[in-house]
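Asks: below: sequence and its predicted model.
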Amino acid sequence: MHYYDKNALKLSHLYIKEHLKEGCTAVDATMGRGRDTLLLSQVVGTGGHVFAFDIQDEAVQATKALLLEHGRENVTLLLESHDKMEDYVQAADAVIFNFGFLPGGDHSVFSHADVSCRAIDAALRILKPDGFISLCIYYGGDTGFEERDGILNHLAALDQKAYTVMLQSFYNRKNCPPLFAIIEKNRP
């Protein structure tokens, strides 16, 4: 594989396709415009299920339209904060996060480090052994650095016996390229 034609989101999608299987349960913790929700729905197939969360109705409606267009019915859309996922999901094989703001949406509405770290912890609690969490961390602007730093500090503090954390950065790319991280839940 070459990296010159990749970015954080493409790496996330490659990881999802390689590690998630038919019949699995997945969570799109940050629904956005629904592209990750659609991908997860396709990968887990009719035998699996996807739960997708967002705090903006605009995101829910965009995702609903995208799923309808592609005939996907194995998804539950929730107008709810991602840190409440445990209220809806018992166990998951994978959880996907894209931190930042809704693409093409109101930039005054964005994720914050404290809520994002609570959501990561909720995801860890529902994650099955050998499951994974994919994180694309978009930062920059007036607020993104605080969230990036909070998330990275949180990831660095995770118990290495329980989790393996891998972080990738396109280090020589300009203008705050998104970071890609994977958390794998180790078998006990």
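Replies: That came through, no problem.

Asks: let me see the ranges of the strands in the chain.
Replies: All strands of the chain, identified by DSSP state E, fall at 25-28, 49-54, 75-79, 92-99, 127-137, 163-168, 179-185.

Asks: could you list the paired strands of the second one along with their orientation?
Replies: When you say that, I think you mean strand 49-54. Neighbouring strands of strand 49-54 in its sheet, by DSSP bridges, are strand 25-28 (parallel), strand 75-79 (parallel).

Asks: run the chain-centre distance for the last one.
Replies: Averaged C-alpha coordinates place strand 75-79 at 14 Å from its chain's average position (CA atoms, centre = their mean, to the nearest Å).

Asks: name the residues of it that come out as buried.
Replies: In terms of neighbour count (16 or more other CB atoms under 10 Å), strand 75-79 has its buried residues at 75, 77, 78. (Glycine included, C-beta is placed from N, CA and C.)

Asks: export that strand to PDB, keeping only CA atoms.
Replies: Taking Å, rounded to 0.1, in the frame of the first residue of the first chain, the C-alpha atoms of strand 75-79 are listed here in PDB:
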ATOM      1  CA  VAL A  75     -29.400   1.100  10.600                       C
ATOM      2  CA  THR A  76     -30.800   2.900  13.700                       C
ATOM      3  CA  LEU A  77     -30.400   6.700  13.500                       C
ATOM      4  CA  LEU A  78     -30.300   8.500  16.800                       C
ATOM      5  CA  LEU A  79     -30.500  12.300  17.400                       C
END
